[in-house]
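Undergrad: here is the input, now give the coordinates:
(chains A and B)
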Number of protein chains: 2
Amino acid sequence: MKKVTIHDIARELNVTFSTVARALNDHPAISVATKEAVREVAKKLNYQQNKVASSLRSGRSNVIGVMVPNLAANFFNSTILGIEKVMNENGYSILLYQSGESFSHETKGIETFMQSRVEGIFASVAMETTDFSHYEDIKKNDIPLLLFDRAVEELGVPTVRIDDYRGGFLAAEHLIKHNCKNIVHISANLDVKSFRERLQGYKDALNHYNLPINEDLIFYGKPSIELGRRCIEQLYNTNEAFDGVFAFEDYTALGVMQQLKSHGVNVPEQVKVIGFANEAFGAYISPSLSTIDQQSVLMGEEVARLFLKLHKSQNFYTSIPEQIVLEPLLVERESSGLTVFINQSPISSTQ
Amino acid sequence: MKKVTIHDIARELNVTFSTVARALNDHPAISVATKEAVREVAKKLNYQQNKVASSLRSGRSNVIGVMVPNLAANFFNSTILGIEKVMNENGYSILLYQSGESFSHETKGIETFMQSRVEGIFASVAMETTDFSHYEDIKKNDIPLLLFDRAVEELGVPTVRIDDYRGGFLAAEHLIKHNCKNIVHISANLDVKSFRERLQGYKDALNHYNLPINEDLIFYGKPSIELGRRCIEQLYNTNEAFDGVFAFEDYTALGVMQQLKSHGVNVPEQVKVIGFANEAFGAYISPSLSTIDQQSVLMGEEVARLFLKLHKSQNFYTSIPEQIVLEPLLVERESSGLTVFINQSPISSTQ
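TA: I've put the predicted structure just below:
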């Protein structure tokens, strides 16, 4: 079957090629009656508009590219849900790309987004990335770029993130208020600003409540169950006393709980534990894991709304980049001492 | 700064526009020396090739669109990792779209992929979808379409899935071999072929081991923790005896375990539980959840390899569509009776 073209429609209506093309693109110079006639014939002939060509002309694709480090993380998943909700309501589609924390994948993904003619890019930067030239390219091409969660200030683009310092403070303060005196903190690569800030929040909370900072209780590693397990082993090997653990992310906290269990230590009676990120599994394990919630769905919605606002105003890169900072929320569960009630009778959290 | 065009390169080299264009596209009619000269000048002038225009000409974008119902599910996440691994190694980029099990989102996503000129589409169909015309459109446009996990036979395209019937049989057989006599099965919308097959596998295993099929022990609902909880409540309300539960997916199995716990029933001593899908949380909860693994990473790799093979042969839609069926794997954990050993001393699974 021969493909129907604009020429076929023009012939059928006895108008010029250009009239049909402009009618299909809703050009203001074409009358409503002509537009309707063109649409009717196009439908009758089963004409398929070449959307790539059409988006090349209009410069608008109604597609947003969203770059995330890791789709398996509950945090990024939920952020995407927030972005999709607001953007879909406004007629946009969302294409996703995961960098896997790799610089080269991230670069390739940004290239793919631009090749796909996305109308904007929302990104959370890979842990490996220290050269930001691929992000500079987005700006050079005048495509709106917004960063969320893992933001890079030097890029000078609008950002949405949570107050990680406040999150670190909240987590440590929560353990202090539950009578912990020797609080371990497990952190990671301090090149990542959010981890650095969580650590500073922890230290300032200890200072604020007149507790000494013991560097032997601060560990660094790659976020993983294994890291949590290893830190606890090391604490036992060096006979350091501790009664609370604040891990910078939930999987590490899970490793802490598993290793404490294998030593016959009861959580929360003997050691209290809190994580960060509110991963889905935290509510299901036993004892359930206290954590810091990063308001991920709201973060996604805020990124989307900020894009829509700035995109409308037409001066995306000319004004001072807006920065939205969200409040972290404390989620109290059993691992830091919450007693749960099931079927009206109170039971201890470790039964 | 004025944008450098092909004309600038042509002027610099004193050759025609068409020579430069063909050199940049590696046309066989152009000499190696000319191609090198063009590339050098292009680099010197900082020429940015318009990849959209170039992909319009070559018809190849090296981008694959992957459509999944839900990125939060461990199964789809892992399938994507498998796809990315093989496709990245072969120079392709992967753009993702999540349908959220919605027909309209799925349709929009397929449209977005085609608009982005993807070179192929891999999809797992949304639960809501019963009209497949958007998938027919992909075929009509001669873009390779492969389906994985949730396949639709009527579409007549290559597919990769697991043997769900065998998975259902394995799960029920495992409980039977652990001395369960009254095995509950929780299933869902039987329009979805894989759920129907898991149910049939369960029934055939009971038959095979001469156990009666009791329809009062078979439940249907929407996959969720809530569904599992509700089924157990109903069993207690009707005083049905049961000693094993096979849930068609892990979140439902989690609800089963939570509700049994709230009744003071020990898993696995009094009731044994097995799920399906090998979600990440299953290994972390206590007791850990036995389940059926769908070889998700391998499935992704197989989809990718099948695409590469068929795409190379140039007759994607002319041969009989290939169907790859993978074996499901039994994952034995504590919820069906496995005893765990921690630090050399055996402890019961519910301690």
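Undergrad: what's the distance between the closest residue to A:Asp163 other than its chain neighbours and chain B?
TA: The shortest distance from A:Asp163 to any non-neighbouring residue, by C-beta to C-beta, 6 or more residues apart in numbering or on different chains, is to A:Val325 (5.3 Å). Heads up, the C-betas are built off the backbone N, CA and C, glycines and all. Using C-beta to the nearest C-beta, to the nearest Å, A:Val325 is found at 26 Å from chain B.
Undergrad: just checking, A:Val325 touches A:Tyr165?
TA: No: the criterion here is C-beta atoms under 8 Å, and A:Val325 misses it with A:Tyr165 at 10.0 Å.
Undergrad: among those two, which residue is more densely surrounded?
TA: A:Tyr165 (20 against 14; other C-beta atoms under 10 Å in any protein chain shown).
Undergrad: so what sits opposite the residue nearest to A:Asp163 in the bridge?
TA: A:Arg161 (DSSP bridges).
Undergrad: show me what contacts it?
TA: A:Val325 makes contacts with A:Val160, A:Arg161, A:Ile162, A:Asp163, as judged by C-beta atoms under 8 Å, 6 or more residues apart in numbering or on different chains.
Undergrad: which one of the residues you listed is nearest B:Thr129?
TA: A:Val160 (33.2 Å; C-beta to C-beta).
Undergrad: burial of the closest one, as a residue count?
TA: 26.
Undergrad: measure it to A:Arg150 for me?
TA: 11 Å (C-beta to C-beta, to the nearest Å).
Undergrad: quick one: the residue most central in space within chain A from A:Gly228, how far?
TA: In chain A, the C-alpha nearest the mean C-alpha coordinate belongs to A:Phe76, at 4.0 Å (C-alpha atoms, centre = their mean). Distance of A:Phe76 to A:Gly228, computed by C-beta to C-beta: 21 Å.
Undergrad: I'd like the contacts of A:Val325 as a markdown table, with pLDDT appended.
TA: Below are these laid out as a markdown table (pLDDT from 0 to 100):
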| residue | pLDDT |
| --- | --- |
| A:Val160 | 97 |
| A:Arg161 | 95 |
| A:Ile162 | 95 |
| A:Asp163 | 97 |
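Undergrad: among those, which pair sits farthest apart?
TA: A:Val160 and A:Asp163 (11.6 Å).
Undergrad: which neighbours do the two share?
TA: In contact with both A:Val160 and A:Asp163: A:Val325, A:Leu326, using C-beta under 8 Å, 6+ apart.
Undergrad: nearest residue to A:Leu335 other than its sequence neighbours?
TA: One correction, residue A:335 is Ser, not Leu. Closest to A:Ser335 by C-beta to C-beta, 6+ apart is A:Val273, at 4.4 Å.
Undergrad: where does the stretch 151-300 of chain A have low pLDDT?
TA: Per-residue confidence for the stretch 151-300 of chain A (pLDDT under 70) gives no ranges below the cut-off.
Undergrad: who in it is up against chain B?
TA: A:Leu254, A:Lys261, A:Ser262, A:His263, A:Ala280, A:Phe281, A:Tyr284, A:Ile285, A:Ser286 (C-beta under 8 Å from any C-beta of the partner chain).
Undergrad: may I ask you to confirm that the fourth one is in contact with A:Glu233?
TA: In this case it means A:His263. No: between A:His263 and A:Glu233 there is no contact under C-beta under 8 Å: 9.1 Å.
Undergrad: count the residues that sit near A:Asp163.
TA: Each residue near A:Asp163 was counted by other C-beta under 10 Å, and the total is 17.
Undergrad: whoops, I mixed them up, A:His208
TA: 12.
Undergrad: the one 10 residues further on now?
TA: Per other C-beta under 10 Å, the neighbour tally for A:Ile218 reads 16.
Undergrad: from A:Val160, how far out is it?
TA: From A:Ile218 to A:Val160 the distance is 29 Å (C-beta to C-beta).
Undergrad: in helices, which of the residues of the stretch 151-300 of chain A next to chain B fall?
TA: A:Leu254, A:Lys261, A:Ser262 (DSSP state H).
Undergrad: neighbour-wise, give me the winner out of these.
TA: In those, the most neighbours by other C-beta under 10 Å go to A:Leu254, 26 neighbours.
Undergrad: skip the chain neighbours and tell me the closest residue to it.
TA: Closest to A:Leu254 by C-beta to C-beta, 6+ apart is A:Ile225, at 5.5 Å.
Undergrad: endpoints of stretch A:286-302, how far apart?
TA: From the first residue to the last, stretch A:286-302 extends over 34 Å; the measure is C-alpha to C-alpha, to the nearest Å.
Undergrad: can you list the buried residues in that stretch?
TA: Burial within stretch A:286-302, assessed by neighbour count using 16 or more other C-beta atoms under 10 Å in any protein chain shown, is assigned to A:286-302.
Undergrad: and A:Tyr209, what does it touch?
TA: Listed by C-beta under 8 Å, 6+ apart, the contact partners of A:Tyr209 are A:Glu173, A:Ile176.
Undergrad: about what we covered before: can I assume the residue nearest to A:Ser335 sits in a helix?
TA: No: the assignment for A:Val273, made by DSSP: H, G, I helix; E, B strand; the rest coil, is strand rather than a helix.
Undergrad: residue contacts, the nearest residue to A:Asp149 once chain neighbours are set aside?
TA: Of all residues not flanking A:Asp149 in the chain, A:Ser124 sits nearest, at 4.6 Å (C-beta to C-beta, 6+ apart). By C-beta under 8 Å, 6+ apart, the contact set of A:Ser124 is A:Met67, A:Val68, A:Pro69, A:Phe76, A:Thr79, A:Leu147, A:Phe148, A:Asp149, A:Arg150.
Undergrad: can you rerun that using 10 Å?
TA: A:66-70, A:73, A:75-76, A:79, A:99, A:147-151, A:161, A:299, A:303 (C-beta atoms under 10 Å, 6 or more residues apart in numbering or on different chains).
Undergrad: which strands or helices does the strand or helix carrying the residue nearest to the centre of chain A pack on?
TA: Assigned by DSSP states H and E, A:Phe76 belongs to helix A:74-89. Under the contact definition 3 or more C-beta pairs under 10 Å, 6 or more residues apart in numbering or on different chains; DSSP states H and E, helix A:74-89 sits against strand A:63-68, strand A:93-98, strand A:120-123, strand A:145-148, helix A:296-313, strand B:93-98, helix B:103-115.
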